[in-house]
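Asks: no FASTA, just this:
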Ligand code: G3H
Ligand code: 13P
Ligand code: ZN
């Protein structure tokens, strides 16, 4: 099937209390690992591309890789999404290139400017049938202690005003997650009361959780055992994410766990096989590690296994 937008996926996810995994892609092995997991689990999937990924791989390569994935797995519903679009021009470029969903990230801007920028993207995207995700509130920096940054969490009343005035189709909210491998210094916790309030004020509206990697200890340990230095890493526990997926959160973003799975596997392989220098030798288990991690996540965190 061709690329689709996330509307139907989110409606189903909202109604049945699960979430769609949105996985960041940067190269062929990552695309293949994620698609292998989606096929195994019979789950829809969102492949998302950051500005950095687009720069690294090149837009044409990324789009063609995703086209290859569709041809290879024609029965899997796939959305191609721009992650953290920084400005109108990049959103437009991705829409013109066939992306079916874009995020415009104006979360760092003053409120009215965030609305104006989001509106501009919506005005271009909607006539072309493209979905728009926006963000309100700020995720804490990766070194910060998220629970101390209450004022940057998404305000529920402002979220209602933002959605109404900007016309965005889904909203990324700040409730205590953050990007990267160092999310919490103390206990991991999210502001579920806030999430519930936003959900109640925006009925049937899909919310998005960024910074939702779990940072599995297994991969952190493997990185460290085989020459890495990933100290004090901590992610969002799986049961906490599963709870959010059962609420109004319909899209859960994962990038860091992919990086960890891939890198841990490559570190181990090269340490155990120092004579090897054929990239296929270490990228084959690395791709498999991504697949197994994503399959686990689809099953135990998203809850979207067996939904197609
Ligand atoms: O939210 C950020 C994603 O993990 C993408 O990261 O900009 O380094 O590709 P990146
Ligand atoms: P993680 O760094 O927790 O994987 O978050 C990824 C993300 O939010 C991509 O937009
Ligand atoms: Zn993000």
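Replies: Thanks, I have the structure now. Only a predicted model underlies this, so the values are computations on that prediction, with no experimental measurement involved. Ligands and ions are numbered 1, 2, ... in the order given.
Asks: roughly how far is stretch 50-61 from the heart of the chain?
Replies: 16 Å (CA atoms, centre = their mean, to the nearest Å).
Asks: can you list contacts of that stretch?
Replies: Stretch 50-61 has contacts (CB atoms under 8 Å, 6 or more residues apart in numbering) with 24-27, 62, 65, 82-86, 90, 93-94, 97, 255. Where you see a C-beta, it was placed from the backbone N, CA and C, and this is true even at glycine.
Asks: return a PyMOL selection command for the buried portion of the residues you listed.
Replies: The PyMOL command for the buried members of these (criterion: 16 or more other CB atoms under 10 Å) is given here:
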select buried, resi 24+25+26+27+62+65+82+83+84+85+86+90+94+255
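Asks: which of the contacts of stretch 50-61 come close to ligand 2?
Replies: Filtering these for proximity to ligand 2 by CB under 6 Å from any ligand atom leaves 24, 83-84, 255.
Asks: so which of the residues you listed is the closest to residue 308?
Replies: residue 24 (21.6 Å; CB to CB).
Asks: looking at the closest residue to that closest one other than its chain neighbours now. What's its pLDDT?
Replies: Nearest non-adjacent residue to residue 24, counting by CB to CB, 6 or more residues apart in numbering: residue 255, 3.7 Å away. Residue 255 is assigned 98 on the pLDDT scale.
Asks: distance of residue 255 relative to residue 179?
Replies: Applying CB to CB, to the nearest Å, the value for residue 255 to residue 179 is 8 Å.
Asks: burial of the residue of the stretch 51-200 of the chain found nearest ligand 2, as a residue count?
Replies: Of all residues in the stretch 51-200 of the chain, the one sitting closest to ligand 2 is residue 179 (4.2 Å; CB to the nearest ligand atom). Neighbours of residue 179 under the rule other CB atoms under 10 Å: 18.
Asks: dump the residue contacts of it.
Replies: Contacts for residue 179 (CB under 8 Å, 6+ apart) come out as 139, 142, 210-211, 255-256.
Asks: same thing but 10 Å
Replies: By CB atoms under 10 Å, 6 or more residues apart in numbering, residue 179 lies in contact with 84, 139-142, 210-213, 253, 255-256.
Asks: residue 76 too?
Replies: Residue 76 makes contact with 1, 35, 38-39, 41-45, 69-70, 308 under the criterion CB under 10 Å, 6+ apart.
Asks: what of residue 212?
Replies: Each residue near residue 212 by CB under 10 Å, 6+ apart is listed here: 19, 21-22, 177-179, 183, 190, 235-236, 240-241, 244-245, 249, 251-257, 297, 301.
Asks: could you point out which element follows the longest strand seen in the chain?
Replies: Using DSSP state E, we find that the single longest strand of the chain is strand 78-85. Later in the chain than strand 78-85, the nearest helix or strand by DSSP states H and E is helix 88-96.
Asks: now do residue 152: how many residues are near it, please.
Replies: Using other CB under 10 Å, residue 152 is surrounded by 15 other residues.
Asks: shift numbering so it begins at 24
Replies: Fine by me, first position is 24 from now on; the one you just mentioned is residue 175.
Asks: buried residues, stretch 300-313. List them.
Replies: Neighbour counts over stretch 300-313 (16+ other CB under 10 Å) mark 305-306, 309-313 as buried.
Asks: hmm, back to that, the contacts of residue 99, buried ones only, as a PyMOL selection?
Replies: To isolate the buried members of the contacts of residue 99 in PyMOL, using 16+ other CB under 10 Å:
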select buried, resi 58+61+62+64+66+67+68+92+93+331
